[in-house]
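K.L.:
Build the 3D model from these lines:
(2 chains)
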Protein chains: 2
Amino acid sequence: MQTIISYIASNKDRFLNELFDLLRIPSVSADPKYKDEVKRAAEKVKSQLEDAGAVNGRLFTTQGHPVVYAEKIIDPAKPTVLVYGHYDVQPADPVSLWKTPPFEPTVVGEKIFARGSCDDKGQVFMHVKALEYMVRTNTLPCNIKFMIEGEEEVGSAHLGDFIRENKETLKADVVLLSDTSIIANDIPSLTVGLRGLSYMEVEVTGPDRDLHSGVYGGAVGNPVNILCEMIASLKDKNGRITIPGFYKDVLKAGKEERKMLNKAPFSISNYKKDLGIADVTGEKGYTTIERTAIRPSLDVNGIWGGYQGEGAKTVLPSKAYAKISMRLVPNQKSDKITLLFTRHFKKIAPKYVKVKVTPLHGGEAAVTPTDSAAYRAAEKAMEVSFGKKPIPVRGGGSIPIVALFEKELGLKSVMMGFGLDSDNIHSPNECYGLFNLFKGIETIPLFYKFFSEGQ
Amino acid sequence: MQTIISYIASNKDRFLNELFDLLRIPSVSADPKYKDEVKRAAEKVKSQLEDAGAVNGRLFTTQGHPVVYAEKIIDPAKPTVLVYGHYDVQPADPVSLWKTPPFEPTVVGEKIFARGSCDDKGQVFMHVKALEYMVRTNTLPCNIKFMIEGEEEVGSAHLGDFIRENKETLKADVVLLSDTSIIANDIPSLTVGLRGLSYMEVEVTGPDRDLHSGVYGGAVGNPVNILCEMIASLKDKNGRITIPGFYKDVLKAGKEERKMLNKAPFSISNYKKDLGIADVTGEKGYTTIERTAIRPSLDVNGIWGGYQGEGAKTVLPSKAYAKISMRLVPNQKSDKITLLFTRHFKKIAPKYVKVKVTPLHGGEAAVTPTDSAAYRAAEKAMEVSFGKKPIPVRGGGSIPIVALFEKELGLKSVMMGFGLDSDNIHSPNECYGLFNLFKGIETIPLFYKFFSEGQ
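P.N.:
Alright, predicted model coming up:
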């Protein structure tokens, strides 16, 4: 039997060509003008799954973008793994900052540069090729179902309905997903916790039209200044979020948990050097690892208003906007935080402006067990492929679907991603290492092997 | 005798043709390659003045572009008005944003589109045609001198020398200029003071690339949040600007001056209703009129950073930008304020961000009296032509020449402009309304009439 390593070696070029075909499709779920491209990407994923040996491939329509489904059932008596991933991608803006075209995948050094190369097309593709290998070598030891969605980057708004309506189809023993990262190529890790998210857009309106700042400046509330003041007031001098009730449901981590967490290999000087910053900052009393793992946060993801062109235009703008999001920790509820934020933000607005708050995206925090057969199988698989036992880490990002699987299907998830924090996901020049792509394809069959043996 | 209104009506097409001849000359003073065109525009203005009935026309050479002079002295014993204007224009860049060629005047709707149509060739031309009317109808009641310069758009650098060297030639009783705007076509106004200006762009840089807000949020300083905090800190809870030394040179208005100022017809409820705001705001202890007239202000004219598209992108941006300007009052110096702002803004930046401040524009404040015969004449002229008493306003950009006339010749100025803030001066698609052009020609002879009667 051909080993997975030699199989990868002899099919490398074909794998890359196939992945590049998928990466070339600009499946930007946030932007309605890419609707057809999103659908085209769904069809491509479906056909790639079928080519790899999955059957019953279909596109489930939803109120938004379709969900790709396919399966390979070898024996209904055997356990079933539900593989989750997403084929939609973040917008490529600002395109001018890309060194290579975002939708023309380019290998530079040892990395594939393209929007979605890591998040999540490249990682979904690893599962497709792992299936292909197991089917061709007849080594698939259990059943697999694939559910690859197209709305992850816009909050998976229609996925709850989809799951509730297709419980039987999705029935499985565990969820396996690769939409997270490892600490480094020589430090494998498994994500065992994710922060939740509450994301909104705010609009502050002052006068009903743009005014001349010479004629009105000093007497009319400027919505940009006021938005800045409102945003500034959302944190106190200790970096704590000032929204009343915000921390009420946060489970305070115990001494032991914090000690364990801070044992992960981490160099603050490398961290600062990598980001080009003179210092870190954040909630007082917590380390950098804790601030991104067990503590909630608040960030402005975008802001705009008034004149942004060349030179000096003396305008007192009518409107100012911001996108503001909060990362949440287990036990905080996204809907509740959205409500608390909205109420507070409107309350702190001075009466000379109007404020509109539009929730855009939400998701719950999740923690996954480290003592399950599936977790141990993933741990063992990585230990074999990397030659090193993976470290369990809590990630700062959010994958709302993990909480959803637990709530609707009673399923735990294993988050076995192979990306790196330096892959620029959600940024210009997103990339995915060839090492990571092939290491993923190599590791996944091992997971199935150990998972089936451990059942 | 033919009235000015019928005179305009019967000469409309000729007026436009003559103005268009002037607008076709690309007299861009900032760009040396247009040097000959600037001179050609000066000659055109001189010949148009002579055709209108002025005599002793000449081009005064300076170290830079020439100054056009011409006069019509009817009786040395009568008062003399010195008309100031400029025939040079802003560069047309970016030309690609113009909908019609910048130097091929085109009437679209009720507006003339061309570089210089409003600023200031169109407004200078009103004075030429008003002279023509008064000469032809023998109704000029006083002496006029014209001084039309060619370096206003580049800071009038050689005008101080020119005025000092030609004091006798320029001797007059008052300066009349049309290089400002009215509030709206049905709300005439006279500019009675110009606040000074200090305008800059700031750039705040956090991490050296955009980051994922889930992975880094809470541990890495977000430049948008920080920019908001820095901007918020620029004013205290009483609406006072917190930059150290900012108010040091502000001349505090006396009780009497404030009382006078607040006597101007002003309805706070109409003001709020017009702007669609529930309340006004500003520096504590001052009225709305005072806040925009005798007190300095600080406004964000534009802000941008991070994701501004549709939907939710969970980015922690690398950079945030803002355009921030301060309106200054007499005795504050623009250069000094720019320096104070820059120093303070850098000082308040936390060490985990980098800050860049780029000064974009500056100008000194000026005030003109509202109790002079000339001001009252302008007020009365507009009241007759618009059917509504003009509102005295402070604002608009600075016109350094006003301070220069006062300093060198001891002359006060009357700023009777007819532009609109929406005329895109200094921007692509500069325009000037036909209404405004003809209303200016109609109003100017009335000024001379009332000015002579009031002496």
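
K.L.:
Report the closest residue of the stretch 1-150 of chain A relative to chain B.
P.N.:
Closest residue of the stretch 1-150 of chain A to chain B, Cβ to the nearest Cβ: residue A:30 (3.3 Å). (C-beta placed from N, C-alpha, C; glycine too.)

K.L.:
That residue: how many residues sit nearby?
P.N.:
Applying other Cβ atoms under 10 Å in any protein chain shown, we find 23 other residues in the vicinity of residue A:30.

K.L.:
quick one: secondary structure of the residue lying closest to it once chain neighbours are set aside?
P.N.:
Counting by Cβ to Cβ, 6 or more residues apart in numbering or on different chains, residue A:30 lies nearest to residue B:311, which is 3.3 Å off, once chain neighbours are set aside. On the three-state scheme (DSSP: H, G, I helix; E, B strand; the rest coil), residue B:311 is labelled coil.

K.L.:
If we look just around chain B, which residues of the stretch 301-450 of chain A are in range?
P.N.:
Proximity of the stretch 301-450 of chain A to chain B (Cβ under 8 Å from any Cβ of the partner chain) is limited to residues A:301-308, A:310-317, A:320-323, A:325, A:327, A:350-353, A:360-361, A:395-398, A:421, A:424-429.

K.L.:
Would you map out the domains in chain A?
P.N.:
A:4-194+A:365-454, A:196-250+A:296-363 (automatic domain parsing).

K.L.:
Quick one: the helices in chain A, in order.
P.N.:
A:4-23, A:35-52, A:121-136, A:159-165, A:167-170, A:213-216, A:223-232, A:255-261, A:268-275, A:288-293, A:334-347, A:373-386, A:400-404, A:434-454 (DSSP state H).

K.L.:
May I see these organised as a markdown table, with mean neighbour count and mean pLDDT added?
P.N.:
Shown next, in a markdown table, are the helices of chain A (neighbours: other Cβ atoms under 10 Å in any protein chain shown; pLDDT from 0 to 100):
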| stretch | mean neighbour count | mean pLDDT |
| --- | --- | --- |
| helix A:4-23 | 16 | 97 |
| helix A:35-52 | 20 | 98 |
| helix A:121-136 | 24 | 98 |
| helix A:159-165 | 17 | 95 |
| helix A:167-170 | 14 | 96 |
| helix A:213-216 | 26 | 82 |
| helix A:223-232 | 26 | 98 |
| helix A:255-261 | 13 | 86 |
| helix A:268-275 | 14 | 94 |
| helix A:288-293 | 22 | 92 |
| helix A:334-347 | 18 | 97 |
| helix A:373-386 | 21 | 96 |
| helix A:400-404 | 24 | 85 |
| helix A:434-454 | 21 | 97 |
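
K.L.:
Dihedrals phi and psi, the residue of the stretch 1-150 of chain A closest to chain B?
P.N.:
Per-residue torsions, residue A:30: phi -70, psi -20 (degrees, to the nearest 10).

K.L.:
I'd say it and residue B:307 touch.
P.N.:
No - the criterion here is Cβ atoms under 8 Å, and residue A:30 misses it with residue B:307 at 9.5 Å.
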